[in-house]
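K.L.:
next come a sequence and a model predicted from it.
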2 protein chains.
Amino acid sequence: MRYRREEIVVRALEVLDAYGLADLTMRRLGTELGVQPSALYHHFANKQTLLAAMADELLRRASWPAEGEWVDRTVAICSVLRDQLLAYRDGAELVATVHSFGLGGGEPVDLLEKALAEGEIGELAPTAVRTLLHFVYGHAVDEQTHLQAAEVGAIGDAPREGDSGDDFAVGLSIVVAGIQVIRATRP
Amino acid sequence: MRYRREEIVVRALEVLDAYGLADLTMRRLGTELGVQPSALYHHFANKQTLLAAMADELLRRASWPAEGEWVDRTVAICSVLRDQLLAYRDGAELVATVHSFGLGGGEPVDLLEKALAEGEIGELAPTAVRTLLHFVYGHAVDEQTHLQAAEVGAIGDAPREGDSGDDFAVGLSIVVAGIQVIRATRP
DNA sequence: ACCTGAACACCGTTCAAGT
DNA sequence: ACCTGAACACCGTTCAAGT
C-alpha cells in the first residue's frame, strides 16, 4: 500500500485517539498502516514533524468563530480551542508539546492575534495572545490528565471544587479581564 | 558505593543541569553514580517519582518571599518561581511535566494559596492559583526553549519584540490584574 | 516516488541472586 | 538495606537496496 502525507496524518490521529500519545510510536503507526516504520521517514523528516502536522490537522477541524466584538470573539476562540483539545485523547498534550518546540499553534493563534489587534492594545497584543494560550493549554492538559486518570480507576481523584467547565470559564475571565485592564492603563 | 535517596536527587539535578532532560536517563544516572540502573529502583518506584523528587528539591532551593501585601507577594512568588525554573537547564520543563502528571508543585503552590487566601477572593482562590501557575510554567517553558535554541546556533530565532524579562512582567500583570477584577466583581 | 530489511544505539523496568 | 547481572519488551532513526 502506498500513502500520501495527508492520509498518514489522518491515521495517526485515529491511533492517537484510540491508544494515546504514549502509544503513538513510529513502529505502531507503521504496523497500523501495514508498512515498515522506516517508510514513514519518506513522508516526514522525523517524529516531531509528524506530531506538528497532526496538531495542525486537529486544530483545522474545529469551526472557528470569525465574528463578533473582539472581547467576545477572544473568549469564543479560546473556548473552541479548549473543546477541540479535549475532543481527542491526549489532544491537549499533543498541541502543547508541538507548541513547546516552537512550531506555531496553527489557526487559533492567527485568529487571536486578529481579535486582539482589533482590541487596539497595540504592542501588547503578542504578550496577551501568549498569556491566553498558556492558560488554555495548561488548563486543558490538566483537565485531560484528570479526566483520563478518573476513567482508568483512581476515581476518588480530587473531583474539583465547583463545576469543571466553570473553572475554565472563570480562569479565562481572569485573563480576559486582565487584558482589558492593561488596555485601559497602557501608555 | 551506597546511596541514600537524597544524594541521588542531588546528583540527578547536576546531570539535568549539565546534559538536559532528554539525556537524564536511568541508565545515564546510574553510570554517573557508578551503579547499575536497576539499583535506582531500590530508591524510587519509577522514573516519574524520581523526577517529582527532583522538582521538589529544585523548588525548595529558592528563597521564597513570605512578607508583604498579598498582591505584591503574589507577584514576588511568581517571579521567584520563574527565576528558579530558568536557573536549571530544562528546569521549567521538568517542573511543568511533574505538575502535569498531578504530583503537586511543591512549596510555591502553598505560598500562592496563602497569599490569595489573604486576598479574600474566597472560593475563587484555587482557580486563581492554577491560572497563575499555567502562565508561569507556560511562559518559562517557552522562554527556556527559545534561550536554548539560541545557544545551540539557530540564533536568528525571532528575538522577541520587547525586552524578554518585560514580557513575563506584562503577562503576569495581566493575570494579577484579572484576579483583582474578579475579586471586585464576585458575588 | 515509495517501500523493505536490517541494523545502530539506545530506552524503562523486573527480578533472581548476591553482600 | 542496597546492589549486580541479565533479561524483557520496547524505542527513533539511518541507509543500502529494491520496485
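P.N.:
Received the coordinates, thanks. Numbers count the residues shown, from 1 in each chain, chains lettered A, B, ... in the order given.

K.L.:
output the contacting helices and strands for the helix or strand in which A:L172 is found.
P.N.:
For A:L172, the host element (DSSP states H and E) is helix A:164-184. With contacts taken as 3 or more CB pairs under 8 Å, 6 or more residues apart in numbering or on different chains; DSSP states H and E, helix A:164-184 sits against helix A:70-86, helix A:125-152, helix B:125-152, helix B:164-184. For the C-beta atoms, the positions are set from N, CA and C on the backbone; glycine is no exception.

K.L.:
quick check: residues of chain A near chain B?
P.N.:
A:93, A:100-102, A:123-124, A:126-128, A:130-131, A:133-135, A:137-139, A:141-142, A:145-146, A:149, A:157, A:161-162, A:167, A:170-171, A:173-182 (CB under 8 Å from any CB of the partner chain).

K.L.:
one step back: to B:V109, which of the helices and strands packed on helix A:164-184 lies closest?
P.N.:
Across the helices and strands packed on helix A:164-184, the minimum distance to B:V109, taken as CB to CB, is reached by helix B:125-152, at 6.7 Å.

K.L.:
please spell out which residues along the closest one are buried.
P.N.:
B:125-146 (16 or more other CB atoms under 10 Å in any protein chain shown).

K.L.:
how about stretch A:39-48?
P.N.:
Residues of stretch A:39-48 classed as buried by neighbour count (16+ other CB under 10 Å): A:39-40, A:43-44.

K.L.:
which single one of the residues you listed is nearest to A:E14?
P.N.:
Closest to A:E14, out of all of the buried residues of stretch A:39-48 and judged by CB to CB, is A:L40, at 15.1 Å.

K.L.:
and that closest one, what is it in contact with?
P.N.:
Applying CB atoms under 8 Å, 6 or more residues apart in numbering or on different chains to A:L40 gives the contacts A:8, A:26, A:29-30, A:50.

K.L.:
just A:G68 next, same as before
P.N.:
Neighbour list for A:G68: A:A76 [criterion: CB under 8 Å, 6+ apart].

K.L.:
now it, what's its secondary structure?
P.N.:
With DSSP: H, G, I helix; E, B strand; the rest coil as the basis, A:G68 sits in coil.

K.L.:
pLDDT value on it, please?
P.N.:
Model confidence at A:G68, expressed as pLDDT, equals 94.

K.L.:
and for A:A150?
P.N.:
Reported pLDDT for A:A150: 75.

K.L.:
isn't A:A96 up against A:Y137?
P.N.:
Yes - in this structure, A:A96 is within contact of A:Y137 by CB atoms under 8 Å, at 4.3 Å.

K.L.:
and the lowest-mean-pLDDT helix or strand in chain A, what other elements does it pack with?
P.N.:
In chain A, the helix or strand scored least confidently by mean pLDDT, DSSP states H and E is helix A:125-152, which has a mean of 91. Contacts defined by 3+ CB pairs under 8 Å, 6+ apart place helix A:125-152 against helix A:70-86, helix A:91-100, helix A:107-118, helix A:164-184, helix B:91-100, helix B:125-152, helix B:164-184.

K.L.:
output those as TSV; include the columns distance to DNA strand C.
P.N.:
Formatted as TSV, the helices and strands packed on helix A:125-152 follow (distance: least, CB to the nearest atom of the strand, whole Å):
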stretch	distance to DNA strand C
helix A:70-86	26
helix A:91-100	17
helix A:107-118	26
helix A:164-184	29
helix B:91-100	13
helix B:125-152	19
helix B:164-184	31
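
K.L.:
good, we can wrap up now.
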